[in-house]
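I'd like to go over a predicted model; first the sequence, then the structure.
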Amino acid sequence: MEQSTVIWRLTDGKRGHERQTEGLAKALASRVKVEVDTIAVPPSRARGFMEFCSGTFHRGDRLPTPVLIIGAGGACQWPLLAARRARGGRAVYLMHPALPPAWFDLCIVPRHDRPKESTKLIVSDGPLNPMERTSNQRRDRGLILLGGPSSHHAWDTPAVVRDVLAIVDRRPEITWQISDSRRSPQDLGAAMSALSRTNARFVPNAQTTGAWLPEALGRSRYVWVSGDSVAMIYEALTAGAKVGIIDVPAMRRDRITGGVEDLKAAGRVATLADWARDGDLKLDDSPLDEAGRCADVILNRWPDIRSGKRPA
């Protein structure tokens with residue numbers, strides 16, 4: 001009987017981090033037989049450090065011994081190392097770590113973080129996610145995803161509203177769904193609720209379920225995302241949509257804002273000027289499946305994982 005590959009998936013409760021580990025676990029599950037145990041870690045980094053020092057990881061005491069331990073987010077770094085020290089397996093971190101990368105068996109780091117080359121590192125095009133390209137997209141369906149101010153971007157609600165109206169009015173035959181995020185300022189939700197367009201409907205993030213966004217992305221041929229929402233941009237690209245960027249003021253040129261500019265230069269995403277010139281958006285829509293590619297790299301690097309064996 002085939003043995004399952006046991007994966008411990010550590011989570012810190014932050015949606016963006018959980019989508020990354022979900023993406024890798026899902027990609028691995030499509031290639032080998034896996035058993036995924038999801039383990040919540042405490043926000044206290046000191047606790048994870050103490051567990052590492054003591055060689056314990058009690059949250060996994062009753063779980064099968066892992067072959068892989070994966071996590072994303074600062075709170076997961078010490079627990080990853082503590083779990084590996086207590087129970088073995090290989091520790092895979094899905095971001096650029098604050099700790100030395102060499103301490104992990106593998107790090108998967110987005111290209112926009114400009115990581116240094118290393119044998120213990122995979123460079124990914126954006127954060128991993130669990131989206132898959134589907135054939136369900138409809139040319140008469142569009143989606144607009146709006147974020148909010150961040151450490152990298154300022155925010156101008158009136159300008160964003162003007163851009164949303166320009167998008168909706170450019171293609172009146174498309175039925176648009178619009179949603180905000182937890183970072184969105186209150187005046188944005190009020191403005192979106194007040195839109196008087198028969199082909200647009202506002203769906204507040206607070207009223208959506210976890211399944212709403214993947215389903216909406218899977219149906220929408222056109223997806224516009226505010227430039228602060230990098231993870232959403234890559235989810236839309238992975239889903240195979242034609243993606244446009246709603247510009248928001250950058251606080252500075254840095255790894256996040258520079259990454260979005262790189263996508264524009266590569267022809268992977270459009271601007272409002274492109275939309276005004278070409279309503280169908282002629283873009284490079286070659287498949288993007290970074291979770292699958294990284295899963296393949298992991299399985300080729302450690303072939304024993306396919307049999308569910310623990311590393312020697």
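The structure has been received and is ready for your questions. No experiment lies behind these values; they were computed from the predicted model shown. Numbering: from 1, shown residues only.

Counting neighbours, what do you get for D113?
Number of residues near D113 (other Cβ atoms under 10 Å) recorded here: 14. Where you see a C-beta, it was placed from the backbone N, CA and C, and this is true even at glycine.

which ones are touching it?
M95, H96, R255 (Cβ atoms under 8 Å, 6 or more residues apart in numbering).

out of those, which is most surrounded?
Counting neighbours by other Cβ under 10 Å, M95 leads the contacts of D113 with 21 neighbours.

nearest spatial neighbour of that one, skipping sequence neighbours?
With sequence-adjacent residues excluded and distances taken as Cβ to Cβ, 6 or more residues apart in numbering, M95 is closest to A72, at 5.2 Å.

Show me which of the contacts of D113 is closest to S151.
Distances from S151 to the contacts of D113, taken as Cβ to Cβ, are shortest for R255 (11.6 Å).

Find the least confident helix or strand in the chain, judged by mean pLDDT.
Lowest by mean pLDDT, DSSP states H and E among the helices and strands of the chain is helix 255-265, with a mean of 83.

Could you point out the helix or strand that follows it?
helix 272-277 (DSSP states H and E).

so what does that following helix touch, helix or strand wise?
helix 157-170, strand 242-246 (3 or more Cβ pairs under 8 Å, 6 or more residues apart in numbering; DSSP states H and E).

Single out the most deeply packed of these.
strand 242-246 (a mean of 23; mean count of other Cβ atoms under 10 Å).

Next, the residues that contact that strand from outside, please.
By Cβ under 8 Å, 6+ apart, the residues outside strand 242-246 that reach it are 144, 146, 160, 163-164, 167, 221-227, 233, 236-237, 260, 263-264, 268-272, 274-275, 280-281, 283, 285.

Please save the CA atoms from it in PDB.
In PDB, the C-alpha atoms belonging to strand 242-246 read as follows (Å, rounded to 0.1, in the frame of the first residue of the first chain):
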ATOM      1  CA  LYS A 242      -6.300  39.400 -18.400                       C
ATOM      2  CA  VAL A 243      -5.000  41.600 -15.600                       C
ATOM      3  CA  GLY A 244      -5.000  45.400 -15.300                       C
ATOM      4  CA  ILE A 245      -3.400  47.500 -12.600                       C
ATOM      5  CA  ILE A 246      -5.200  50.400 -11.000                       C
END
